[in-house]
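In: sequence below, structure please.
(one chain, ligands or ions: 1)
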Amino acid sequence: MTRSDPAPATAGDVGPERPPRLLVVEDERHLAAGLKLNFELEGYDVDMAASARQAATFLLQRVSGYDAIILDVMLPDTDGFQLCRRLRESGNFTPVLMLTACGTTEDRVTGLEVGADDYLVKPFELSELLARVRSMLRRCTWERSSQGAELTMDLTFGTARIDFDRQLAYMSGEEVQLTRLEFSLLRYLAEHPERVLSRQELQKHVWKLTNYPNTRMVDNFIMRLRRHFEPNPRLPVHFIAVRGAGYKFIPDPARAKG
Ligand code: CA
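Out: From the prediction side, this is the model:
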């Protein structure tokens, strides 16, 4: 059996660094054990819940969430439909695949109405379940990336994308938390690309200061932008210091050289 060791996951982390994480809510013990084993063999990180109550506990504990939930309709406490509805009402849009006991149209419709993404009728082939889960995760990744592409970004440089109006910043697809002043400095730099800007000019326009008390302030902020957005903050290519003059923002270093 070859399985890579799961990397420690951090909150909000999605990507190839950690295996996809599933929550399987199924009260039939034999089926649950079989699902756990097979998902783990496929490389998933799996939590098993035998009731809606247990599922709710897992959902609260896992702050970084799940990549998908496999949800049986018939549970000992609440039914899977209600659990799914509550999940959606609480703003959780993790993909849900429902396992329905009877393949009636009514069940399928109910499942989709309460916000399930897919369903599978019991008894099912394990290979089909695995294929459905894979395609659900793939679809989810596509939607995330196409949503990102539709955002109109005010500024892109390197792998950084910035939306100033909504105060959103991304580096290599990961959201970066910037303070209001960091956004203001970045915006001013972006409005004056490839131009040497003195510390005084930056203090005046970004910080609205006129008496220039402490010039290290600008340097500290530039250092923070480098840490956020430079591939190598020690060898900056975008936020360039110009000795004795100030700083220069280079959105496209390759073009600027040529
Ligand atoms: Ca059941």
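In: which residues does residue 193 contact?
Out: 249, 250, 251 (CB atoms under 8 Å, 6 or more residues apart in numbering). (Glycine included, C-beta is placed from N, CA and C.)
In: closest one of these to the ion?
Out: Distances from the ion to the contacts of residue 193, taken as CB to the ion, are shortest for residue 251 (56.1 Å).
In: does that closest one belong to a helix, a strand or coil?
Out: coil (DSSP: H, G, I helix; E, B strand; the rest coil).
In: can you report phi and psi for it?
Out: Dihedral pair for residue 251: phi -60, psi -40, per degrees, to the nearest 10.
In: also residue 248?
Out: Given degrees, to the nearest 10, the pair of backbone angles that residue 248 has is phi -130, psi 130.
In: how much space separates it from residue 118?
Out: Distance of residue 248 to residue 118, given as CB to CB, to the nearest Å: 52 Å.
In: where along the stretch 101-250 of the chain do the strands fall?
Out: For the stretch 101-250 of the chain, strands defined by DSSP state E, counting those that start in this stretch occupy the ranges 118-121, 155-157, 160-163, 168-171, 174-176, 239-242, 246-249.
In: just the CA trace of the fourth one, in PDB.
Out: This points to strand 168-171. Taking Å, rounded to 0.1, in the frame of the first residue of the first chain, the C-alpha atoms of strand 168-171 are listed here in PDB:
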ATOM      1  CA  LEU A 168      -9.100  41.600  -1.900                       C
ATOM      2  CA  ALA A 169      -5.500  40.500  -2.500                       C
ATOM      3  CA  TYR A 170      -4.300  37.100  -3.800                       C
ATOM      4  CA  MET A 171      -0.800  35.700  -4.200                       C
END
